[in-house]
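Visitor: Let's see this in three dimensions:
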Amino acid sequence: MSPIRRTARQNKTMLMKTGSYYLIHICVAALVAYAVTGNLWASLTLSLLEPTVQAVAFFFHEKAWERAARRQAGNSPALHNA
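Guide: Next up is the predicted model:
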């Protein structure tokens, strides 16, 4: 199995969450960009570019929080007293 498929399977829920966040973000970004610019093409371009970058950042943000939670659980006082 390829590393990409393995990563996708291991992170299925997080990837689904990221995808739904991405779709909502595109809609909000398009509305805001259109309200600011009044230009349909500019708003569509901005609404696809910015959320795409944010979705990738969000995935790694979630991974960092998972790693921090695992690290904290590993340093739990309950484990040291057992």
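Visitor: The one residue sitting closest to the centre of the chain: what's it in contact with?
Guide: Geometric centre of the chain, nearest residue: Phe58, 2.7 Å, by CA atoms, centre = their mean. By CB atoms under 8 Å, 6 or more residues apart in numbering, Phe58 lies in contact with Thr18, Tyr21. (C-beta placed from N, C-alpha, C; glycine too.)
Visitor: switch the cut-off to 10 Å
Guide: By CB atoms under 10 Å, 6 or more residues apart in numbering, Phe58 lies in contact with Met14, Lys17, Thr18, Tyr21, Tyr22, His25, Pro51.
Visitor: go on, Cys27?
Guide: Here Cys27 is in contact with Ser47, Pro51 (CB under 10 Å, 6+ apart).
Visitor: still on that earlier bit, I'd like the contacts of Phe58 laid out as JSON lines, including pLDDT, distance to Val32 and neighbour count.
Guide: Below are these laid out as JSON lines (pLDDT from 0 to 100; distance: CB to CB, whole Å; neighbours: other CB atoms under 10 Å):
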{"residue": "Met14", "pLDDT": "86", "distance to Val32": "26", "neighbour count": "15"}
{"residue": "Lys17", "pLDDT": "90", "distance to Val32": "22", "neighbour count": "14"}
{"residue": "Thr18", "pLDDT": "82", "distance to Val32": "20", "neighbour count": "17"}
{"residue": "Tyr21", "pLDDT": "84", "distance to Val32": "16", "neighbour count": "16"}
{"residue": "Tyr22", "pLDDT": "83", "distance to Val32": "16", "neighbour count": "16"}
{"residue": "His25", "pLDDT": "83", "distance to Val32": "10", "neighbour count": "17"}
{"residue": "Pro51", "pLDDT": "78", "distance to Val32": "11", "neighbour count": "21"}
